[in-house]
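Undergrad: Pasting the sequence and the predicted model now:
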Amino acid sequence: MVVPTDFRVHGYWIDNQVDLYLLPSEESRVQVIGEGVDAERVRVTGIPVHPYFNSSLNPVAQKKKYGLSPDDPVVLLMGGGEGTVLLERLILALDGRRERVQIAALSGRNLSRYAHLKCLQSRLSHHF
């Protein structure tokens, strides 16, 4: 069984030995079938989410917990588990906007990316 957790199913998931694909979306089902997988081996189940993420959180309390202003919206940027996506261009583009936003960026386990982003913080006009 294969359970991809990206909306685009990468080709390396396609294998004749896989007996069942549990996919995140109808689009990914069409894609996988288009790549030759028998429709009988494909189910759309959505992306698995831990029950913790179904709990209701108080947005004001969460902003306070992370040192964010209760008044401005927060834009969350994520670059994957290894932090490989270059977040700097997105951060700078958001910082260049007039609308007040707070920027939160996750760098995954990539400590050098984290250090780079921390250095970027002093150049920004928006809360980061």
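TA: Good, I have the coordinates.

Undergrad: List the contacts of residue 8.
TA: 28, 31 (CB atoms under 8 Å, 6 or more residues apart in numbering). For every residue, glycine as well, the C-beta is placed using N, CA and C.

Undergrad: Just the pLDDT for it.
TA: Model confidence at residue 8, given as pLDDT, is 83.

Undergrad: And residue 85, by the same measure?
TA: What the model reports as pLDDT for residue 85 is 56.

Undergrad: what's the answer for residue 82, then?
TA: Reading off the confidence values, residue 82 has pLDDT 54.

Undergrad: Number the residues from 29 up from this point.
TA: Sure thing, new numbering starts at 29, so read that last one as residue 110.

Undergrad: Which parts of this structure are strands?
TA: 49-51, 70-72, 102-106, 130-134 (DSSP state E).

Undergrad: Any regions of this protein where pLDDT drops low?
TA: Residue ranges of the chain with pLDDT under 70: 107-113.

Undergrad: Do a quick rundown of the helices in it.
TA: Under the criterion DSSP state H, helices of the chain are mapped to 54-62, 87-93, 116-123, 139-148.

Undergrad: among the strands of the chain, which is the most enclosed?
TA: Of all the strands of the chain, strand 49-51 has the most neighbours on average by mean count of other CB atoms under 10 Å, namely a mean of 21.

Undergrad: Quick one: residues in contact with that strand.
TA: 29-32, 37, 41, 57, 60, 65, 69-73.

Undergrad: hmm, which of these are the buried ones?
TA: 30, 32, 37, 41, 57, 60, 65, 70 (16 or more other CB atoms under 10 Å).

Undergrad: Residue 61 is in contact with the third one, correct?
TA: Spelled out, that is residue 37. No. Taking contacts as CB atoms under 8 Å, residue 37 lies outside contact range of residue 61: 10.6 Å.
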